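[1] Next one to model:
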Amino acid sequence: MAKHKVPARELREKSREELEELLKEFRTELIVLRHKAAVGVLENPGRLRELKRNIARILTILREKQ
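    Next up is the predicted model:
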């Protein structure tokens, strides 16, 4: 499991490949957590929100780098 909130400053220092790998990792974790939420065994519901925000943050930075 990755860190919780990833600061934008830290993300801007990463290469495009690193950001895409991190994005893939966060999206995979989000799928797993959504499944757990549907089943009813989710331990930390706030993590869903953090993941969605981290994904949005990464996508924004990737667009800035284009």
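[2] Below-threshold pLDDT in the chain: ranges please.
    1-3 (pLDDT under 70).
[3] Helices along that one, start to end?
    With DSSP state H as the criterion, the chain has helices at 8-12, 16-39, 46-65.
[4] any chance of the ones you listed in a markdown table, plus mean neighbour count?
    All C-beta spots, glycine's among them, are computed from the backbone N, C-alpha and C. What follows is those, written out as a markdown table (neighbours: other Cβ atoms under 10 Å):
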| stretch | mean neighbour count |
| --- | --- |
| helix 8-12 | 12 |
| helix 16-39 | 14 |
| helix 46-65 | 14 |
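[5] Tally up the residues packed near Asn44, please.
    As a burial measure, Asn44 scores 11 neighbours (other Cβ atoms under 10 Å).
[6] So it versus Val32, what's the distance?
    12 Å (Cβ to Cβ, to the nearest Å).
[7] do the same with Glu64
    In terms of Cβ to Cβ, Glu64 sits 28 Å off from Val32.
[8] And for Phe26?
    Distance of Phe26 to Val32, computed by Cβ to Cβ: 11 Å.
[9] which ones are touching His4?
    Contact partners of His4, counting by Cβ atoms under 8 Å, 6 or more residues apart in numbering, are 47, 50.
[10] and if we set it to 7 Å?
    Glu50 (Cβ atoms under 7 Å, 6 or more residues apart in numbering).
[11] Would you check how far apart it and Gly40 are?
    His4 is 23 Å from Gly40, by Cβ to Cβ.
[12] now swap in Leu11 and tell me
    33 Å.
[13] How about Thr60?
    Here the criterion is Cβ to Cβ. By it, Thr60 lies 33 Å from Gly40.
[14] now Glu21
    31 Å.
[15] Phi and psi next, for Val6.
    phi -100, psi 120 (degrees, to the nearest 10).
[16] cool, and Ser15?
    phi -80, psi 170.
[17] and it, how many residues sit next to it?
    Under the criterion other Cβ under 10 Å, the count of neighbours that Ser15 has is 9.
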